[in-house]
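Trainee: coords please:
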Amino acid sequence: MRMAEPLSDALPDLVLLVGRDGVLLAHLGGRNVAVLAPPEDAVGKRLELIFPQPVAECIRRSVRRAIAQRAALDLSFASLGVSYEMRATAQGPDRAICVIRSASAAGAAEDPSGPDGIARLQLDRRGFLRRFRDTLSQAAIQEKPAALALIHLDGIVDIAHAVDAKISEQVVSSAILRLPDQVPPEQSEGAGNCYLGQLNADLLAMVMEFADRDTIETRVSQVCASLREPVLIGDSAFHLTPYAGVALLGRDGTSPKSLLEKARSAAAEARKSNSATVLFFTDTLKLRSLARLDVARELREAIANQEIRLRYTGRHDLATGRLVAQVGYLRWNHRLRGELAAAEFLGMAETTGLATVLSRAILQGLREDFAVMESQLAADARISFGALRHHMLQGEFVDDIGRFLAEGGVPASRLELRISERAFATMDLSAYESLSRLGVQIVVDEVGRGFTSLDRLARAPIWGLQLDRAWVTALRTDSVALKMCRAGICAAAALELTPIATGVDDAAQRAALIDLGCEQGSGDLYREAAGQFDTLIMRHASQAAR
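Mentor: Got it, this is the predicted structure:
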């Protein structure tokens, strides 16, 4: 675990990654606990060689207890007359992360009247909601206008998963504190009052006591423009994407709950449509919300009735044409709308909490599909499953794969797991190690769409890198696409991984990829062979339905 030095300097708390055996594996931060900060050459040394004996023993015991209990452990200790608080959190079966802060700093962070205002914005959710209710009550009594804007901060959850929760908290705090003067976090009571609160890690709320739509849109747009600017932590820049929705008191709702629901619907629509403008709640949005409820109901029924299955495409050795894997992609045979592409319903599955349910259902259906096609496959050909991101980021994902293999039907040596680059960047490396021990093959998919460090790719026990289709299909006409494909293939070769391409649609594309060093691929060039397996699967499913 290596973090950039500027981030280490920026973190006020001391963060340690400690092995079960009491060896320091990594460290960062510690600006506010400099007395305990380890020296540069501390990594790889035992705790007693770095810290005073009582402190080392306290950290070691906490690490072992956190690992044994598989839960976060909080405790306090003192060293050289200074009191500290520590939280130890298990990171797999053999290591834990310890976050140490001075007790005085911790107390200041919990003080809602702290001088920097961070705690009031981040932690006092109840205080904000109480003030919001009071504002609406006064507005109703005095017949004054009021509006509520909800701003979803896309990117915060990814920062917490990929980097560190402490960093994500600092990003939010920094973004809030630099907001324009026209929209301060707190403002004295009176006409035109406008104030902010934080409802959760990635959701801000903004209350405005005026009715003019242009003024409301201007104020909210100012906030979004500020939030959209890069947040600098040390020398690193973090980017957030705000999506805002507004509901008006009286027109859209008369209670805090109804305004929250309407503003949330508008913000969700802004996010769904990738809109950079502020969306006001309308009856049209209400109809869309009702339509989405119908789709959500249909989606739940489709999952239960196994109407969502996998469509398979063959992956071949580009040099010889040999079939090496059957790669499954989601399809929904809708009773009225026909076959739906995954892009048409995955967003709904994610927003309704059905993504994990769907992913588990598809995993179980994989056993039936493999049984149908096994006799037609070479002994070393695999079946490839792309779990949904929400499923993979849950702690039960590795256990789900373990149970699936234990129940039989698909040998571990024949199962490939495709993990999107975005999900790969957020999962803990220990999860990949556990999957590798189960015997499955791991491929990082959509390489080139996001960003993943070579260090992370080199440390994870993965087998292949699959280039993003958009780059592959354009490599003969777009110089940037050619560079991206060459970089991905060279990275795979340097890391001793198998380079894979999707979008191999003709012989010329195949030849260009072979020249770049790509080994395997799928696409329209192999459509006929893929269709034979799909016919087998569909015929079997039809017979089973009877």
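Trainee: Output stretch 47-60 as PDB - backbone C-alpha positions only.
Mentor: Taking C-alpha atoms only, stretch 47-60 is exported to PDB below (Å, rounded to 0.1, in the frame of the first residue of the first chain):
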ATOM      1  CA  LEU A  47       6.200  -2.000  16.000                       C
ATOM      2  CA  GLU A  48       8.500  -2.100  19.000                       C
ATOM      3  CA  LEU A  49      11.400  -0.800  16.900                       C
ATOM      4  CA  ILE A  50       9.300   2.200  15.900                       C
ATOM      5  CA  PHE A  51       7.100   3.200  18.900                       C
ATOM      6  CA  PRO A  52       7.500   3.300  22.700                       C
ATOM      7  CA  GLN A  53       6.900  -0.200  24.100                       C
ATOM      8  CA  PRO A  54       3.400   0.500  25.600                       C
ATOM      9  CA  VAL A  55       2.200   2.100  22.400                       C
ATOM     10  CA  ALA A  56       3.600  -0.700  20.200                       C
ATOM     11  CA  GLU A  57       1.900  -3.300  22.400                       C
ATOM     12  CA  CYS A  58      -1.400  -1.400  22.400                       C
ATOM     13  CA  ILE A  59      -1.400  -1.200  18.500                       C
ATOM     14  CA  ARG A  60      -0.400  -4.900  18.200                       C
END
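Trainee: List the buried residues for that stretch?
Mentor: 47, 50, 51, 55, 56, 58, 59, 60 (16 or more other C-beta atoms under 10 Å). (Glycine included, C-beta is placed from N, CA and C.)
Trainee: And the pLDDT for residue 357?
Mentor: The per-residue pLDDT reported for residue 357 equals 91.
Trainee: Let me know the secondary structure of the nearest residue to it once chain neighbours are set aside.
Mentor: Leaving aside its chain neighbours, residue 357 sits nearest to residue 303 (6.0 Å; criterion: C-beta to C-beta, 6 or more residues apart in numbering). Under DSSP: H, G, I helix; E, B strand; the rest coil, the three-state class of residue 303 is helix.
Trainee: Please shift the residue numbers so they start at 30 in all later answers.
Mentor: Understood, numbering begins at 30; the last thing we discussed is residue 332.
Trainee: Quick check: residue 332 vs residue 59, distance?
Mentor: Noted for residue 332: a distance of 48 Å to residue 59, by C-beta to C-beta, to the nearest Å.
Trainee: Quick one: distance of stretch 70-78 to the chain centre.
Mentor: 33 Å (C-alpha atoms, centre = their mean, to the nearest Å).
Trainee: Quick check: mean pLDDT of that stretch?
Mentor: Rounded mean pLDDT across stretch 70-78 is 91.
Trainee: Find the nearest non-adjacent residue to residue 157, please.
Mentor: Residue 157 sits nearest to residue 226 (C-beta to C-beta, 6+ apart), 2.9 Å away.
Trainee: State the three-state secondary structure for that neighbour.
Mentor: Quick answer, by three-state DSSP: residue 226 is strand.
Trainee: next one: phi and psi at the closest residue to residue 123 other than its chain neighbours?
Mentor: Excluding its sequence neighbours, the residue lying closest to residue 123 (C-beta to C-beta, 6+ apart) is residue 49, at 4.8 Å. With angles defined as degrees, to the nearest 10, residue 49 sits at phi -60, psi -30.
Trainee: Report pLDDT for residue 49.
Mentor: pLDDT, residue 49: 89.
Trainee: can you count the residues close to it?
Mentor: 17 (other C-beta atoms under 10 Å).
Trainee: check contacts around it.
Mentor: Residues in contact with residue 49 (C-beta atoms under 8 Å, 6 or more residues apart in numbering) are 92, 93, 96, 122, 123, 124, 125.
Trainee: One more pass at 10 Å, please.
Mentor: Applying C-beta atoms under 10 Å, 6 or more residues apart in numbering to residue 49 gives the contacts 89, 92, 93, 95, 96, 97, 119, 121, 122, 123, 124, 125.
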